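Engineer: okay, sequence plus prediction incoming.
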Amino acid sequence: MSMDQPRKGKVLSISLAHVVNDWYMNYIQTLLPFLVAAGLGVSKGAFLISAFTITSSLLQPVAGYLVDQKNQRWMVYLGTLWMAGLLSLVGVVKSYPLLVLLVTLAGLGTAAFHPQASSMVSAVSGRRKGLFQALFITSGNIGWALTPLMLVPFVLHYGIEASPVFVLLGVAAALLLWLTAPRVAAGPKAAPAPLREALNGVRGDLSRLVLVVATRHLTYFGMVSFLPLYLQQQGVPLVNVSRLIFLMLFAGALGGLAGGYLSDLLGRKPVIVGSLLLTSPFFYLFLNTAGILSQVLLALAGAFLMASFSVTVVVAQEMLNKNSAVASGLMMGFAIGAGGLGVGLVGLLAEHWGLGLAIQMLFLLPLPAGLMALSLKGGRKVPTAAGA
């Protein structure tokens, strides 16, 4: 098969595994109401999310550097199995310090998975790298969306102590990757450019892009973590809450796919700026309406919030075009992780000043992120080759 022809079966298997991997990424956030009900404070629960974020996201650029140097195929299946095994114990561990250690170590698994998996997708996508990379990212966002839909009814029925059963999803995904993941991530690899050299001329733009992504994902993580608690306070049953969170996250996954497509037509920067500036008004309207209209508004807010996800990854890869795995690690890991770290601080705010104030602060954050994105020099429209 020509190297220009996509190997769709490989892309599909990696993307299916990404659904499972990111299902676990939303695991602690989804369990937060149950942990709080079991006696864990809101701020302690929020710091569990931050602890997981430190290793799962902030270490991804390190994993990306290893991938750029040499293919590390084992990272995708062992990383998935490691994370699934440790997170499945969250419901049965009673010691808070041990729980913090558990989720911190679990994060290493997804830090290993993402840069290697993204590199594999690029390697087997032929000339359709943009499309298949967007599908890969969207599959992860769908995994995030499915977590509350699956986890909440199960825990309501069987109790949080039944959490070890969810290791089975990770075992299945790890087995799929072991059998089907590409043996070589990118063919014969030329030595990647030294990072110091690659960063010349793009440090300022890259730093601003990291800050935009961190701010966007503080809203994302914060809404997933605290909106269920806020809605419960307003008298919404937890099962209905889980459906609303699924709606927001699934719409976000579709928004990410649409944003990637539109960025090829309109340019990267207009999609990043426009989607972020439109997010806050829709979140505000959602919180101030009721019924079906409020659900539509929540879906639109989720779609606009995540429309720039794959776009910011592509912009970073265009800035660091000889260090694409490091770029992916920065955007899908470090920048997102930096936003996730803020969840612990938002938890303190919610505990001392109320969930309502915390939610209002979160839905306003995309506005400064969008304004910040206006200063980006990169992200212009890139002409596509015929047949690409």
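Structural biologist: Nice, thanks for sending it over.
Engineer: contacts for stretch 87-95?
Structural biologist: Stretch 87-95 is touched from outside by 24, 27-28, 31, 34, 99, 102-103, 106, 155, 159-167, 170, with contacts defined as C-beta atoms under 8 Å, 6 or more residues apart in numbering. Where you see a C-beta, it was placed from the backbone N, CA and C, and this is true even at glycine.
Engineer: try it again at 6 Å.
Structural biologist: In this structure, residues lying in contact with stretch 87-95 by C-beta atoms under 6 Å, 6 or more residues apart in numbering are 24, 27, 99, 102, 106, 160, 161, 163, 164, 166, 167.
Engineer: equivalent analysis for stretch 259-277, please.
Structural biologist: Against stretch 259-277 from outside (C-beta under 6 Å, 6+ apart): 134, 304, 307-308, 310-311, 315, 366, 369-370, 373-374, 376, 379-381.
Engineer: please apply the same query to stretch 39-50.
Structural biologist: Defining contact as C-beta under 6 Å, 6+ apart, one finds that stretch 39-50 is touched by 28-29, 32, 35-36, 103, 341, 343-344, 347-348, 350-351.
Engineer: go on, stretch 247-254?
Structural biologist: Residues from elsewhere that reach stretch 247-254 (C-beta under 6 Å, 6+ apart): 138, 141, 142, 144, 145, 298, 299, 302, 303, 305, 306.
Engineer: burial check on the residue lying closest to the last one once chain neighbours are set aside, number of neighbours?
Structural biologist: It refers to residue 306. Sequence neighbours aside, residue 252 is the residue nearest to residue 306 in space, at 3.5 Å (criterion: C-beta to C-beta, 6 or more residues apart in numbering). By other C-beta atoms under 10 Å, the residues close to residue 252 number 26.
Engineer: what is the subsequent helix or strand relative to the helix or strand residue 252 falls within?
Structural biologist: With secondary structure defined by DSSP states H and E, residue 252 is part of helix 238-266. From helix 238-266 onward toward the C-terminus, using DSSP H and E, the following helix or strand is helix 268-287.
Engineer: may I see the buried residues of that following helix?
Structural biologist: Using 16 or more other C-beta atoms under 10 Å as the burial criterion, the residues of helix 268-287 that qualify are 268-283, 285-287.
Engineer: what's the answer for stretch 38-54, then?
Structural biologist: Of all the residues in stretch 38-54, those buried under the rule 16+ other C-beta under 10 Å are 40, 42-54.
Engineer: least confident secondary structure element in the protein?
Structural biologist: Ranked by mean pLDDT, DSSP states H and E, the helix or strand of the chain with the weakest confidence is helix 195-199, at a mean of 57.
Engineer: tally of neighbours for the closest residue to residue 167 other than its chain neighbours?
Structural biologist: Once its chain neighbours are removed from consideration, residue 167 has its nearest residue in residue 88; the separation is 3.9 Å (C-beta to C-beta, 6+ apart). Burial measure for residue 88: 22 neighbouring residues, criterion other C-beta under 10 Å.
Engineer: what of residue 18?
Structural biologist: Using other C-beta under 10 Å as the criterion, residue 18 is surrounded by 28 other residues.
Engineer: other SSEs contacting the strand or helix carrying it?
Structural biologist: Remark: residue 18 resides in helix 8-25, with elements defined by DSSP H and E. Under the contact criterion of 3 or more C-beta pairs under 6 Å, 6 or more residues apart in numbering; DSSP states H and E, the helices and strands touching helix 8-25 comprise helix 74-87, helix 96-123, helix 129-158, helix 167-180.
Engineer: adding mean pLDDT and distance to residue 219, write those out as TSV.
Structural biologist: Listed next are the helices and strands packed on helix 8-25 as TSV, based on pLDDT from 0 to 100; distance: least, C-beta to C-beta, whole Å:
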stretch	mean pLDDT	distance to residue 219
helix 74-87	92	24
helix 96-123	87	21
helix 129-158	85	14
helix 167-180	93	27
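Engineer: so for residue 62, which of those sits nearest?
Structural biologist: Taking C-beta to C-beta as the measure, these were each checked against residue 62, and helix 96-123 came out nearest at 7.6 Å.
Engineer: how much distance is there from that closest one to the middle of the chain?
Structural biologist: Computed by C-alpha atoms, centre = their mean, to the nearest Å, the separation of helix 96-123 from the middle of its chain amounts to 12 Å.
Engineer: which positions in it come out as buried?
Structural biologist: Using 16+ other C-beta under 10 Å as the test for burial, helix 96-123 gives 99-100, 102-123.
Engineer: and if you look at stretch 213-228?
Structural biologist: Within stretch 213-228, the residues that count as buried by 16+ other C-beta under 10 Å are 213-228.
Engineer: pLDDT averaged over it - what is it?
Structural biologist: For stretch 213-228, mean pLDDT is 90.
Engineer: need the CA coordinates for that stretch. CSV is fine.
Structural biologist: Below are the C-alpha coordinates for stretch 213-228, written out as CSV (Å, rounded to 0.1, in the frame of the first residue of the first chain):
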residue,chain,number,x,y,z
VAL,A,213,-5.7,26.5,25.8
ALA,A,214,-5.2,26.4,29.6
THR,A,215,-7.9,29.0,30.1
ARG,A,216,-10.3,27.2,27.8
HIS,A,217,-9.8,23.9,29.6
LEU,A,218,-10.2,25.4,33.0
THR,A,219,-13.7,26.2,31.9
TYR,A,220,-14.1,22.7,30.5
PHE,A,221,-12.8,20.8,33.5
GLY,A,222,-14.5,23.2,35.9
MET,A,223,-17.9,22.8,34.2
VAL,A,224,-17.6,19.0,34.1
SER,A,225,-16.6,18.9,37.8
PHE,A,226,-18.8,21.5,39.4
LEU,A,227,-21.9,21.9,37.2
PRO,A,228,-23.3,18.5,38.4
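Engineer: fine by me, we can end here.
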